[in-house]
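Participant: Let me see the structure of the following:
(one chain, ligands or ions: 1)
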Amino acid sequence: MRITLGLKGLPFEYQAVHLMRDGGQQHRAEFATVNPLRQVPALEVNEANVTLVQSMAIIEYLDERYPNSPLLPQSALDRAHVRALAEIVNSGIQPLQNTSTFNELKRLGIDHEAWARLFIAQGLAALEELAAPRAGAFLFEDTVSLADVYLVPQLYNARRWNVPLDAYPSLTRADQNAQALPAFRDAAPEAQPDAEPT
Ligand SMILES: N[C@@H](CCC(=O)N[C@@H](CS)C(=O)NCC(=O)O)C(=O)O
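Facilitator: Reported below is the predicted structural model:
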């Protein structure tokens, strides 16, 4: 969501919800009314007095409402391809390595680190295979798309879990090119006001 706000050049007010501190601030009663699933992100749209949840819904809303720098290509078939790339991350990798997923794995005595590395590597391998034939400077041809918006945070996370990335040249090329753009750099976790000092 932060990447998209940056790509669209939209000013926004940042409100931190720390997922670990105080047992997870997403579980506070006031946040549960924002998102009953107790997950970030959420976007308060002032002009409509509405709060949106689910990153895909938020990003597609922003893309429709602010059509500059479109995140989806012109043709319906190409849009389906780009959405499929984004969904590999959004529904095929990310939910398997969410904080709440890890908490439950730990409770069940399962090695969550091995679990995370397995599903991240499997998902990235599928993403590479699907993206490679049409990848260019970015995951779909030479323009930033919805697919890159999902790729970059997932590779950030993969590095955190020491997942080797050498086998995914289309993904690492797109990531490297995205890092040259302020919208991606400004959205990085360490660039946020509430980032822990390293
Ligand atoms: N499908 C949701 C996933 C949101 C999600 O899982 N957010 C994570 C942070 S990246 C979260 O809030 N986790 C809190 C938890 O698992 O307790 C979306 O795309 O917005």
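Participant: element containing the residue nearest the centre of the chain, please.
Facilitator: What sits nearest the mean C-alpha location of the chain, by CA atoms, centre = their mean, is Tyr150, with 4.1 Å. Secondary structure assigned from DSSP states H and E places Tyr150 in helix 146-160.
Participant: And for Ala178?
Facilitator: Going by DSSP H and E, Ala178 is in helix 169-179.
Participant: what's downstream of that helix, the next helix or strand?
Facilitator: Following helix 169-179 in sequence, per DSSP H and E, is helix 182-186.
Participant: Could you pull up the mean pLDDT of that following helix?
Facilitator: Averaging pLDDT along helix 182-186 gives 98.
Participant: just how off-centre is it within its chain?
Facilitator: Remark: helix 182-186 is offset 13 Å from the chain centroid, using CA atoms, centre = their mean, to the nearest Å.
Participant: And the helix holding Tyr150, what does it pack against?
Facilitator: Contacting helix 146-160 under the criterion 3 or more CB pairs under 8 Å, 6 or more residues apart in numbering; DSSP states H and E are the following elements: helix 2-7, helix 55-65, helix 76-90, helix 112-131, helix 169-179. Bear in mind the C-beta positions are built from the backbone N, C-alpha and C, glycine included.
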